[in-house]
Structure formats: structure tokens, C-alpha cells
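> what follows is a predicted protein model with its sequence.
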Amino acid sequence: MRILVVEGEPKTAAYLRKGLTESSFVVDLAVTGADGLHQAVEVSYDLIIMDVMLPGMNGWEVLKQLRQHKNTPVLFLSACDEVEDRVRGLELGADDYLAKPFAFVELLARVRTLLRRGPVREADRIEFEDLEIDLVRHRVTRAGRSIKLTPREFSLLHFLVRRQREVLSRTQIASHVWEMNFDSDSNVVDVAVSRLRAKMDDDFQPKLIHAVRGVGYVLERRQS
């Protein structure tokens, strides 16, 4: 399991990293809100532990912007235990709230509970570059133009966007989109991705869906 700790106080950051690493987690660290947001969007984490009071961009704003891209579970830490702060965090999309100072055993218990639960919400709309996916109405637009997709193509695009900037193997795509494993000689994934790329990329810049030779596919911004 991979955890991102966003904490501006060096001693607390070091304490969290040491304790979580000793508990068999892979831990990345960010010390400012802007850096935390960048890492949270660019990298796939199982959980984010974030202080409210951060240099530059505070935790509230980081969470607000993060929820436009991802639904990674977030545990807020704060030296202030006011009810209004807890409510604000939950309304913005936080999954739990722990007041400082705290016992590490309690934090660890909350971390494990959130990881067992996993992401509890799916945003109604996902945006990437000029692409918008409305998950409720199953509608896709790019640069304001409506794109008609089959249910399978929609599921494939949703998976690629959720795992944006990750290289996904054909086996991963087949398992998720078709919920089964295909024979390694089958080209069903390549055919499906080719059809999706024709609709999503042929008439647009930048190109978003790319083949990675010998591996699979990735959704990311590239200029042709």
C-alpha cells in the first residue's frame, strides 16, 4: 500500500514516515500544499494523510482541487479540533479527521480502516485536459464537442482516465473492462482501443491515448 503524507512540520512528517514505513507501508512525503496536490494528482496513492495548515496552499484548497481529479481517501490532521473544521473537511470530501496531538496507534487504526474501506465516492464528472466524462448521464465531450461511445468504449475510457498517466497492460484492461482474461494472442483490447482513439483523438490536439510498445496503453497529454 502506498501513502502520501502532506505535512509542513518537519518533525511530524519524519515521525509519520518512520511509523508508517515500519508498519510496512510505502510512504511519499510532500511539505507544501502545492507539492502535495501535484503528487496526489500525478501518482496513484491508496491513501493521503494531510495536515490542514500547510505552507502556501492549505489542506482545504488542496482537497477541493484534488476532488476534481481523484477520489483517493484523505485523512485530515489538524491542531484545531473545532466542530466547524471537522464538518468543513467532510463536506469538501475528506474521509476522516484526526486532531493533533494524536497517538500513532490511533492514526494507524484509522489508516487501516480507510484502506479496508477504499474510496467511498465516485465523482459525478471527471475532467482531463479538454475531456469531460459525465458518469451519471454516460456522456463524453472533448473541447465542448459531444462524442458518442458504446457502453464498452465508455467503460474503457473511464478506466483509462481513472488511471491516467499509468501504463496499463492489455491484461489489466481486459480484466477490468471485460471482467475476464483473454488469450494472449487475442487482439480484442487493441481493436477496442483503436476504435476509442479514432473517436477521442483523431480530430483533436493534444493526443491523449497512446500505445506503449510491448506493454499496453496510457492516457496522458502528448503533442503529435
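Sure thing, it's come through. Because the structure is predicted, anything quoted here is derived from the model rather than measured.

> now what about stretch 161-170, what contacts it?
Stretch 161-170 has contacts (Cβ atoms under 8 Å, 6 or more residues apart in numbering) with 42, 44, 126, 128, 131, 133, 159-160, 182, 189-190, 212, 215-220. Backbone N, C-alpha and C define where each C-beta goes, glycine included.

> buried ones in it?
Within stretch 161-170, the residues that count as buried by 16 or more other Cβ atoms under 10 Å are 161-164, 168, 170.

> report the helix or strand with the lowest average pLDDT across the protein.
helix 83-92 (a mean of 67; mean pLDDT, DSSP states H and E).

> could you list the domains of this protein?
Using automatic domain parsing, the domain ranges for the chain come out as 2-117, 125-222.

> just the contacts of stretch 161-170: which are in helices?
42, 159-160, 189-190 (DSSP state H).

> quick check, Gln205 in a helix?
No: when classified by DSSP: H, G, I helix; E, B strand; the rest coil, Gln205 is found to be coil rather than part of a helix.

> pLDDT score assigned to it?
Looking at Gln205, its pLDDT reads 90.

> quick check: the gap between it and Lys199.
Using Cβ to Cβ, to the nearest Å, Gln205 is found at 15 Å from Lys199.

> these two - which one has more neighbours?
Lys199 (18 against 13; other Cβ atoms under 10 Å).

> which helix or strand contains that one?
Here Lys199 sits within helix 188-200, counting by DSSP states H and E.
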